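*Asks:* predicted model and sequence below, questions to follow.
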Amino acid sequence: METQTKHQLSIDKRNWIPVKFGDVVFEPKESTKDPVNEGIQHVVGLEHIESNDVHLRKFSSLESTTTFTKKFVAGDVLFGRRRAYLKKAALASFNGICSGDITVFRAKDKQVLPELLPFIVHNEKFFDYAVKHSAGGLSPRVKFKDLANYEFLLPPKDQQAELAELLWAMNNAVEQNLELKNSLSNFFERMKNDSVTGKLSSNSKNWKDYVFGSLGNSFGGLSGKTKNDFGEGKPFINYMNVFSNAVVNPSQFDKVRIGNNEKQNEIKYGDILFTGSSETPEEVGMASVVLDYLSGYYLNSFCFGFRLNDFEILRPEYAKHLMRSAFVRQFMTRRAQGSTRFNISKSVIKEKLKIVLPETNEQLEIAATLDSIESSIMLLDQKISESKTLHKSIINQIF
């Protein structure tokens, strides 16, 4: 077995035999009425299984109320039989009980290596088959008896071991990069908060206090528009662009018609955009900074902007980190108001948010350091994505 190209394997399948899924895998259908006395501690619902992830990373404890009775053991594969298009299937590393919307797969003795089973399931053909044989309206479900008829080529045991070793080695490489990324992301968040609050500065005694509103003026998003105005015309930055990005992505926009004599606020380089409301207080007042020189771009009506008076007091490159720091986010969360939907006003941010700022040369140094760490995280993200794509490609070629 040799790698031909980055995404192609040369695999001799002449000795592989056609089998049905039910020939090599069974559904144990074990249950318990008293999980406490059996020493069971883990409870798994469909929400605990991530799409396209072979690992079971989440669970609930038995302390929480549950009606689940279906048992599984370490080494079983838990398959989300409801809405199979979500592609949920994970290898259990512990014993527990699970939802009835999960089917438990267990390898039959001496026919298929248990460590290969997760990858037999985690391929596009199997998921497509599961979707095709699902029944029901809003929440279609697939039964094991239907999955049992899924056909595929099974390699001999020695090749099974070789393939399992390859696939787990690739998976482990992804896991190592994920762990590194998580560690670096946590370091970045700590570094960001400590940097913008002066904890890491040898010159913090010279930092100056400011009320945020003294640094500029706020402006509103689009106004006076009806649904008929949207879909064509000028670009405007949508809510999710502001919510999701510390820096505005100029390619993420919707369109709106703007009349020649119509007065609407355009956004400019250095503007800080805020979400005014969200479903949880933790997500209110998310900020995104414009770091591109844009012309003819507007802002959605659910957000508002803040235009800095003087970049020699607050640099936009620094503001991108400051406004997403734990310090500022905690302020927004504490000041959010509402019950079913939470809001924060421009006046609260302008009048109540107090920050300390270093000289602009130190701001740029801090921003450059944080940007460098952020770039490393982005490179890791890209590497992880490419590795996952290659891994999935090889699984699909094998099975």
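*Replies:* It's in.

*Asks:* buried ones in the longest strand along the chain, by neighbour count?
*Replies:* The strand spanning the most residues in the chain, taking DSSP state E as the definition, is strand 230-237. Neighbour-count burial for strand 230-237 flags 234-237 (criterion: 16 or more other C-beta atoms under 10 Å). Bear in mind the C-beta positions are built from the backbone N, C-alpha and C, glycine included.

*Asks:* by contact count, what packs against the helix or strand that that strand is followed by?
*Replies:* If you walk from strand 230-237 toward the C-terminus, the next helix or strand you reach (DSSP states H and E) is helix 239-244. Packed against helix 239-244 by the contact rule (3 or more C-beta pairs under 8 Å, 6 or more residues apart in numbering; DSSP states H and E) you find strand 272-275, strand 287-289.

*Asks:* restrict helix 239-244 to CA atoms and write it as CSV.
*Replies:* Output of helix 239-244 as CSV, limited to C-alpha atoms (Å, rounded to 0.1, in the frame of the first residue of the first chain):
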residue,chain,number,x,y,z
TYR,A,239,-24.8,41.3,12.0
MET,A,240,-22.9,38.0,11.9
ASN,A,241,-19.9,39.7,10.4
VAL,A,242,-19.7,42.0,13.5
PHE,A,243,-20.6,39.2,15.9
SER,A,244,-18.1,36.7,14.6
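
*Asks:* and it, how far from the chain's centre?
*Replies:* 15 Å (C-alpha atoms, centre = their mean, to the nearest Å).

*Asks:* quick one: average confidence on it?
*Replies:* Mean pLDDT, computed over helix 239-244, is 96.

*Asks:* from the buried residues of strand 230-237, which is closest to residue 285?
*Replies:* Distance to residue 285 across those (C-beta to C-beta) is lowest for residue 237, with 16.2 Å.

*Asks:* ok, the longest strand of the chain: who's next to it in the sheet?
*Replies:* If you go by DSSP bridges, strand 230-237 pairs up with strand 253-256 (antiparallel), strand 298-299 (parallel).

*Asks:* now the strands for the stretch 201-350 of the chain?
*Replies:* 208-211, 216-220, 230-237, 253-256, 272-275, 277-278, 287-289, 298-299, 303-308, 337-338, 342-343 (DSSP state E, counting those that start in this stretch).

*Asks:* identify the residues contacting the third one?
*Replies:* Residues from elsewhere that reach strand 230-237 (C-beta atoms under 8 Å, 6 or more residues apart in numbering): 221-222, 248, 252-258, 267, 273, 296-300, 303.

*Asks:* among those residues, which ones are buried?
*Replies:* 221-222, 248, 253-254, 256, 258, 267, 273, 297-300, 303.

*Asks:* in TSV: those residues, plus distance to residue 46 and pLDDT.
*Replies:* Formatted as TSV, the buried ones among the contacts of strand 230-237 follow (distance: C-beta to C-beta, whole Å; pLDDT from 0 to 100):
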residue	distance to residue 46	pLDDT
221	38	94
222	39	94
248	36	97
253	35	95
254	33	94
256	39	95
258	45	93
267	41	96
273	36	98
297	41	96
298	41	96
299	38	96
300	34	95
303	34	95
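
*Asks:* quick one: those as JSON lines, columns for distance to residue 168 too.
*Replies:* Formatted as JSON lines, the buried ones among the contacts of strand 230-237 follow (distance: C-beta to C-beta, whole Å):
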{"residue": "221", "distance to residue 168": "50"}
{"residue": "222", "distance to residue 168": "52"}
{"residue": "248", "distance to residue 168": "41"}
{"residue": "253", "distance to residue 168": "43"}
{"residue": "254", "distance to residue 168": "44"}
{"residue": "256", "distance to residue 168": "51"}
{"residue": "258", "distance to residue 168": "56"}
{"residue": "267", "distance to residue 168": "49"}
{"residue": "273", "distance to residue 168": "45"}
{"residue": "297", "distance to residue 168": "48"}
{"residue": "298", "distance to residue 168": "51"}
{"residue": "299", "distance to residue 168": "48"}
{"residue": "300", "distance to residue 168": "46"}
{"residue": "303", "distance to residue 168": "46"}
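
*Asks:* closest to residue 91 among the residues you listed?
*Replies:* Of all the buried ones among the contacts of strand 230-237, residue 248 has the smallest distance to residue 91: 40.3 Å, by C-beta to C-beta.

*Asks:* correct me, but that closest one touches residue 287?
*Replies:* No - using C-beta atoms under 8 Å as the test, residue 248 is too far from residue 287 to be in contact (10.2 Å).

*Asks:* any residues in contact with both of these two?
*Replies:* Here residue 248 and residue 287 share the contacting residues 242, 273, scored by C-beta under 8 Å, 6+ apart.

*Asks:* report pLDDT for residue 265.
*Replies:* Per-residue confidence (pLDDT) for residue 265: 95.

*Asks:* any idea how many residues pack against it?
*Replies:* 16 (other C-beta atoms under 10 Å).

*Asks:* so where's this protein shaky on pLDDT?
*Replies:* Applying pLDDT under 70 to the chain flags the ranges 1-9, 64-65.

*Asks:* in space, not sequence, find me the middle residue of it.
*Replies:* The chain has residue 50 as the residue nearest its centroid, 10.3 Å off, counting by C-alpha atoms, centre = their mean.

*Asks:* looking at the chain, which residue lies furthest from center?
*Replies:* Largest separation from the mean C-alpha position in the chain: residue 261, at 42.2 Å (C-alpha atoms, centre = their mean).

*Asks:* any idea how far that one lies from residue 221?
*Replies:* Per C-beta to C-beta, to the nearest Å, residue 261 is found 19 Å from residue 221.

*Asks:* cool, residue 81 as well?
*Replies:* In this view, residue 81 and residue 221 are 44 Å apart by C-beta to C-beta.

*Asks:* repeat that for residue 323.
*Replies:* The gap separating residue 323 from residue 221 is 17 Å, by C-beta to C-beta.

*Asks:* give me the number of residues near residue 295?
*Replies:* Quick note: residue 295 (other C-beta under 10 Å) scores 8 neighbours.

*Asks:* list the contacts of the closest residue to it other than its chain neighbours.
*Replies:* In this structure, residue 295 finds its nearest non-sequential neighbour in residue 266, 7.7 Å apart by C-beta to C-beta, 6 or more residues apart in numbering. Going by C-beta under 8 Å, 6+ apart, residue 266 touches 294-298.
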